[in-house]
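Trainee: Sequence and predicted structure are below.
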Amino acid sequence: MDKIIRINMSAGETPGITEEGLGSYAGLGGRAMTSSIVAKEVPPLCHALGSDNKMVIAPGLLSGSAAVMSGRLSIGCKSPLTGGIKESNAGGQPSQMLGRLGYAAIIIEGKPKDNTLYKIVVTSEGVTISPDSTLKMLGNYDLVEKITQEFGDKVACISIGPAGEMKLAAASIACTDPELRPTRHAGRGGTGAVMGSKGIKAIVIDDTGAGFRNPKDPENFKEANKIFTRGIKEHPVTGEGLPAFGTNVLTDVLNEAGAYPTLNFKSGRFDGAAKIGGQALATLETQRNGKATHGCQKGCIIKCSGIFNDKDGNYVTKQPEYETVWANGGNCGIDDLDTIAILDRMYDDFGLDTMDMGVALSIAMDAGLTEFGDGEAAINLIKEVGKGTSLGRILGSGAAVTGKVLGMERVPVVKGQAMAAYDPRGVQGIGVTYATSPMGADHTAGYTVATNILGVGGSLDPLSPDGQVELSRNLQIATASLDSLGLCLFVAMAILDNADAFQAMVNLVAGLTGKKFTPDDFSALGASVLKKERAFNFAAGFTSKHDRLPEYFKKEKFLPHDVVFMVKDEDLDQVFDKI
């Protein structure tokens, strides 16, 4: 990948397109690419929806190659949700296609002078942009159908729904899966609102004529890929649990561990967990002729997704992920998979983060707008977002805004972003990650659940503050590197437990690029990304005081463990001292 495309939405009568080399961004991919460009080119104090912000789309360093699990896409900008730097990560087909076409990044800058809506087309012959008012306020499903009618079914699509056009702070960006369904989302941080502010509705990618990227050292690359594949398939989490039950297997695990946030983080266990857990979901999908196992991208060997059909066997949505099931299930007191699936479909169609929206719903229930467990009311509230009503715009602005408007204290957010499906009192390590990640409360930024709960990469008592800072630090560094390579986060399970798989992953990079890449280089890559992100946030006005959980987590004990979050503030301030 040796090309960067810049699209200037402020360039005269029509947007301007220029192609350039990598320059100082050479050797970067994924999150390293997006965060480097944002840190260097975006004024930290700019308005996230203004012309000075930039949206960067970057395939991972390994994307477009034959490396397994290498199709993750990074989308970066200044976040309208957090006010800091953002990298939001998505699966689906676009990353692999961009990589095969040789594009290391697409940078969208400036802002259109009017409300014209544009679509971008990327092919082996270059990049074009054109206005298309027929796409206005289409949901992602109707949009993709319209795109396939025009471009055929061999393309991939990156798009926003109505939420992005309305520039709501919880708006996501959809990426299509192998079946051209808009089900894989860069969900966190309001990236969809930034795309909407740039006047971009859709990016169509056609890699016809482009093959896999050729490794510089084919033999070493092939051998590394074989060992890496074996390590993933032989690990009990990535080779057995996730393929059988999807990510939602964690509902059963976290509920049993007493760390499953329930009724807006009031307790750690949900009475209805068995009705919405991984086994229940996989069984229901199979009974309805859906799929309990499905890959969100070609080249995936874990296949932790699925297909959810209604009782008549008609497609509704992809298999709802664990975080989606939790946010709109246990956290809202809802124990009906059909209701959760309908909500998931609406989020994908409107273009909304399932987590921030599920937490916003739970806050609305806690505030008395409706009752916990009322699935019909939850669906109706999300319909308000799609309509763009006053209430809908409040909810669509995310959990932090919803809590502020409704006068709530129990608002589980950090830096304006909602927490995910792990209570920081029941998994103390994830509390450290929530508090200190440059991204805001983000479980994927440093997934300590692997060690705290699953026993991957060792074992550390989830209810003790001891060792959690070091664990979170190491995993935040590793995750930043994985995001930069374009690898699925779940490969971490294998490389944490299997030294050969870790070395094979490192050898994949060396084999593809023909340049030295060692385990130390892997760690240095992640550390450099985090340094840039934190520097941007500090310049944007953040201080160590923003690296904190809401106060009530340190005061309010929760069942079944009767504990509070115990990691001290002074220890949180040491997370990044050693990078």
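Mentor: Now that the structure is in, tell me what you want to look at.
Trainee: what packs against the helix or strand harbouring Q149?
Mentor: Per DSSP states H and E: Q149 is located in helix 140-151. Helix 140-151 makes packing contacts with strand 156-159, strand 200-205, helix 337-350 when contacts are defined by 3 or more Cβ pairs under 8 Å, 6 or more residues apart in numbering; DSSP states H and E. From N, CA and C alone the C-beta is placed, and that goes for glycine too.
Trainee: Any buried residues in the last one, and which?
Mentor: Of the residues in helix 337-350, those with enough neighbours to count as buried (16 or more other Cβ atoms under 10 Å) are 337, 339-350.
Trainee: for that helix, packing partners?
Mentor: In terms of contacts (3+ Cβ pairs under 8 Å, 6+ apart), helix 337-350 is packed against helix 140-151, helix 273-276, helix 278-287, strand 305-309, strand 315-318, helix 322-328, helix 354-366, helix 375-387.
Trainee: In a markdown table, list the ones you listed along with distance to F542.
Mentor: As requested, the helices and strands packed on helix 337-350 are arranged in a markdown table below (distance: least, Cβ to Cβ, whole Å):
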| stretch | distance to F542 |
| --- | --- |
| helix 140-151 | 32 |
| helix 273-276 | 36 |
| helix 278-287 | 37 |
| strand 305-309 | 35 |
| strand 315-318 | 35 |
| helix 322-328 | 25 |
| helix 354-366 | 19 |
| helix 375-387 | 28 |
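Trainee: okay, the helix holding Q149 in PDB with CA atoms only?
Mentor: As requested, the backbone C-alpha atoms of helix 140-151 are provided in PDB (Å, rounded to 0.1, in the frame of the first residue of the first chain):
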ATOM      1  CA  ASN A 140     -28.000   1.700   5.500                       C
ATOM      2  CA  TYR A 141     -29.900  -1.300   4.200                       C
ATOM      3  CA  ASP A 142     -31.800   0.700   1.600                       C
ATOM      4  CA  LEU A 143     -28.700   2.500   0.700                       C
ATOM      5  CA  VAL A 144     -26.700  -0.600   0.100                       C
ATOM      6  CA  GLU A 145     -29.500  -2.000  -2.000                       C
ATOM      7  CA  LYS A 146     -29.400   1.100  -4.200                       C
ATOM      8  CA  ILE A 147     -25.600   0.900  -4.400                       C
ATOM      9  CA  THR A 148     -25.700  -2.700  -5.600                       C
ATOM     10  CA  GLN A 149     -28.300  -1.900  -8.200                       C
ATOM     11  CA  GLU A 150     -25.900   0.700  -9.600                       C
ATOM     12  CA  PHE A 151     -22.500  -1.100  -9.100                       C
END
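Trainee: Compare the helices and strands packed on helix 337-350 and give me the one nearest N225.
Mentor: Among the helices and strands packed on helix 337-350, the nearest to N225 by Cβ to Cβ is strand 305-309 (22.0 Å).
Trainee: In its sheet, which strands sit next to the closest one, and in what direction?
Mentor: Applying DSSP bridges to the sheet, strand 305-309 is found paired with strand 291-294 (antiparallel), strand 315-318 (antiparallel).
Trainee: what does the last one contact?
Mentor: Think strand 315-318. Where contact means Cβ atoms under 8 Å, 6 or more residues apart in numbering, the residues beyond strand 315-318 that reach it are 177, 181, 183, 290, 294, 296, 305-310, 341-342, 344-345, 348.
Trainee: Can you select the buried ones from the residues you listed in PyMOL?
Mentor: The PyMOL command for the buried members of the contacts of strand 315-318 (criterion: 16+ other Cβ under 10 Å) is given here:
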select buried, resi 177+181+183+290+294+296+305+306+307+308+309+341+342+344+345+348
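Trainee: any idea which helix or strand comes after the helix of greatest length in the chain?
Mentor: Assignment by DSSP state H gives helix 519-539 as the longest helix of the chain. Later in the chain than helix 519-539, the nearest helix or strand by DSSP H and E is helix 569-572.
Trainee: Give the other helices and strands that that following helix contacts.
Mentor: Under the contact rule (3+ Cβ pairs under 8 Å, 6+ apart), helix 569-572 is packed against helix 428-436.
Trainee: model confidence over the next helix or strand after the helix it packs on, on average?
Mentor: Stepping forward along the backbone from helix 428-436, the first helix or strand reached (DSSP H and E) is helix 449-452. Averaged across helix 449-452, the pLDDT comes to 98.
Trainee: contact partners of helix 449-452?
Mentor: Contacts of helix 449-452 with the rest of the structure, by Cβ under 8 Å, 6+ apart, involve 250, 254, 422, 427-430, 443, 456-462, 468, 471, 475, 492-493, 496.
Trainee: mind checking the SS state of the residue positioned nearest the centre of the chain?
Mentor: Nearest residue to the geometric centre of the chain (Cα atoms, centre = their mean): N89, 4.1 Å. Three-state secondary structure (criterion: DSSP: H, G, I helix; E, B strand; the rest coil) places N89 in strand.
Trainee: I'd like the distance between it and A105.
Mentor: Applying Cβ to Cβ, to the nearest Å, the value for N89 to A105 is 15 Å.
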